[in-house]
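S.K.: here is my input; please provide its structure:
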Amino acid sequence: MKAFMCHSQGFPTLMLLVLCSMFLFLLVATPEREVSEVSPLLLKLFSNPQSSPGSAQMLRSIPEFEWESALELEKKRFLALQTPAHPTASTRHPLEVVYSDGYKFRLNEPDKCQKISPFLVLFVITEPQDIAKREAIRKTWGNESSVPGVSILRLFLTGLHPRFGSPLQNLLEEESSIYRDIVQQDFLDTYNNLTLKTLMGMEWISKFCPNASYVMKADSDIFLNVEYLVSQLLHPHLPPKKDYMTGYIYRNTKPIRSKAYKWYVPREVYPNDTYPPYCGGPGYVLSGDLAQKIYQVAQTIRIINMEDSFIGICLHKLGISVTDSPWGLFNVYKITYEKCRFSKVVVVHHFGPEELLQIWPNFQDQNETCKS
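M.R.: Residues are numbered from 1 along each chain as shown. The predicted structure is shown next:
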């Protein structure tokens, strides 16, 4: 292969050197793109390369997901919190999540449930920088007055940005002072720490809102039909269910053992070949009493970096089963918007703030009716 050469007849030497240097800098400094999310079908294929001819070769051709660098700051955080009960830094796998009562609330709304007993608490998983997502959710499905006669409470859960914590924190605190709907602890907000974020919500219920009837854990990139959830599954006119959790249920799924994916779970972190049944992470609902039980049992077992799978492990430890819901209510894939179809679902995944704001006026339009 011919070497790269910078040559231009009559071009000033100094300018030529500057341009060559800039080119080489961009060539070296440009980061590799992260592996994009793939469908569960591909995940199943790559978690078992022998299941299809040529799949192992396909897997080797995919660049590795570089989770090591993303976790370097988390290692420092672990060292700061280390106690004799924790594994030492030398024996702990980089993907092993450290759950500690040393995480403190940076932002909190401890008085939200003092005057009310909410029927439904919406916990929305966001990152500190997700200002547009939070604003869109407040104006759409996160509106606390969306279901007449039903007490709904909305809270956004977040951690500390791993690189821009201080400047973002000022913005987050200002946003919190306006809306009073953000809860934050001082763990790093990374994909690996999604489990910590969900457990923060379970802790908040246990300590500040134990009288909540139901809790909905929702990602920030979903469409959520709260009215249909309440009327079809939760039934506010009936006594609250106990030990209840439902959503899109996964059964007999295997941990992803390839570093090519951000869903990678090494055997050192989770040695079993399959997960217990669990509800898919984009959105699931559980009873308030079960949220408190999950918070308690999570302090007694080893935590893994896959949040939804870990909640299933907690249920297995508690001896509680997930509850089947009618097929098609919880969609972990995106489906094309159509009002009458969306009026009879609970969750649809992969809706950004712009698209959510675009479809919402039509979804709320009372003049356009659907056949029952």
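S.K.: and residue 207, what does it touch?
M.R.: residue 110 (C-beta atoms under 8 Å, 6 or more residues apart in numbering). To be clear about C-beta, it is placed using only N, CA and C from the backbone, and glycine gets the same treatment.
S.K.: state whether it is indeed within a helix.
M.R.: Yes. Under DSSP: H, G, I helix; E, B strand; the rest coil, residue 207 falls within a helix.
S.K.: where does it land on pLDDT?
M.R.: Listed pLDDT for residue 207 reads 97.
S.K.: in a strand, residue 314, correct?
M.R.: No. Counting by three-state DSSP, residue 314 is not part of a strand but helix.
S.K.: my read: it touches residue 299, true?
M.R.: No. Look at residue 314 against residue 299 with C-beta atoms under 8 Å: they stay out of range, at 10.3 Å.
S.K.: so for these two, which sits in the more crowded spot?
M.R.: Comparing residue 314 with residue 299 by other C-beta atoms under 10 Å, the one with more neighbours is residue 314, at 24 against 12.
S.K.: measure the more buried one to residue 355 for me?
M.R.: Counting by C-beta to C-beta, to the nearest Å, the gap between residue 314 and residue 355 amounts to 33 Å.
S.K.: and residue 137, by the same measure?
M.R.: 13 Å.
S.K.: neighbour count winner among these two?
M.R.: residue 137 (26 against 15).
S.K.: so which strand or helix has that one?
M.R.: helix 131-139 (DSSP states H and E).
S.K.: so where do the helices sit in the stretch 251-372 of the chain?
M.R.: For the stretch 251-372 of the chain, the helices defined by DSSP state H, counting those that start in this stretch cover 288-298, 307-318, 339-342, 353-364.
S.K.: closest to residue 328 out of those helices?
M.R.: Of all those, helix 339-342 sits nearest to residue 328, with 9.3 Å by C-beta to C-beta.
S.K.: on contacts alone, who are the packing partners of that closest one?
M.R.: helix 353-364 (3 or more C-beta pairs under 8 Å, 6 or more residues apart in numbering; DSSP states H and E).
S.K.: break down the stretch 51-200 of the chain into its strands, ranges please.
M.R.: 105-107, 120-125, 152-160, 182-188 (DSSP state E, counting those that start in this stretch).
S.K.: distance to residue 242, mean pLDDT and mean neighbour count added to those strands, as a markdown table?
M.R.: Converted to a markdown table, the strands of the stretch 51-200 of the chain look like this (distance: least, C-beta to C-beta, whole Å; pLDDT from 0 to 100; neighbours: other C-beta atoms under 10 Å):
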| stretch | distance to residue 242 | mean pLDDT | mean neighbour count |
| --- | --- | --- | --- |
| strand 105-107 | 28 | 97 | 18 |
| strand 120-125 | 16 | 98 | 24 |
| strand 152-160 | 20 | 98 | 23 |
| strand 182-188 | 25 | 96 | 22 |
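S.K.: need those in TSV with distance to residue 329, can you?
M.R.: Putting the strands of the stretch 51-200 of the chain into TSV (distance: least, C-beta to C-beta, whole Å) gives the following:
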stretch	distance to residue 329
strand 105-107	32
strand 120-125	16
strand 152-160	18
strand 182-188	27
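S.K.: I'd like the distance between residue 98 and residue 301.
M.R.: Taking C-beta to C-beta, one finds residue 98 at 13 Å from residue 301.
S.K.: looking at the two, which is more packed in?
M.R.: residue 98 (20 against 13).
S.K.: any figure for the gap between the more buried one and residue 305?
M.R.: Distance check for residue 98 against residue 305: by C-beta to C-beta, it reads 11 Å.
S.K.: low-scoring stretches of the chain, by residue?
M.R.: Judged by pLDDT under 70, the chain has its weakly predicted residues at 1-91, 100-101, 372.
S.K.: domain map for it?
M.R.: Annotated domains of the chain cover 35-64, 105-364 [automatic domain parsing].
S.K.: which residues are in contact with both of residue 98 and residue 305?
M.R.: In contact with both residue 98 and residue 305: no residue, using C-beta under 8 Å, 6+ apart.
S.K.: still on that earlier bit, flag every buried residue along the helix holding residue 137.
M.R.: Neighbour-count burial for helix 131-139 flags 133-134, 136-138 (criterion: 16 or more other C-beta atoms under 10 Å).
S.K.: packing partners of it?
M.R.: On a contact count with 3+ C-beta pairs under 8 Å, 6+ apart, helix 131-139 meets strand 152-160, helix 165-179, helix 353-364.
S.K.: quick one: closest of the ones you listed to residue 146.
M.R.: Of all those, strand 152-160 comes closest under C-beta to C-beta, at 6.8 Å.
S.K.: what about that closest one, distance to the chain center?
M.R.: Its chain's C-alpha centre and that of strand 152-160 lie 12 Å apart, by C-alpha atoms, centre = their mean, to the nearest Å.
S.K.: and the angle for that strand with strand 120-125?
M.R.: Interaxial angle of strand 152-160 relative to strand 120-125 (axes from the mean of the first three to the mean of the last three C-alpha atoms, to 10 degrees): 20 degrees.
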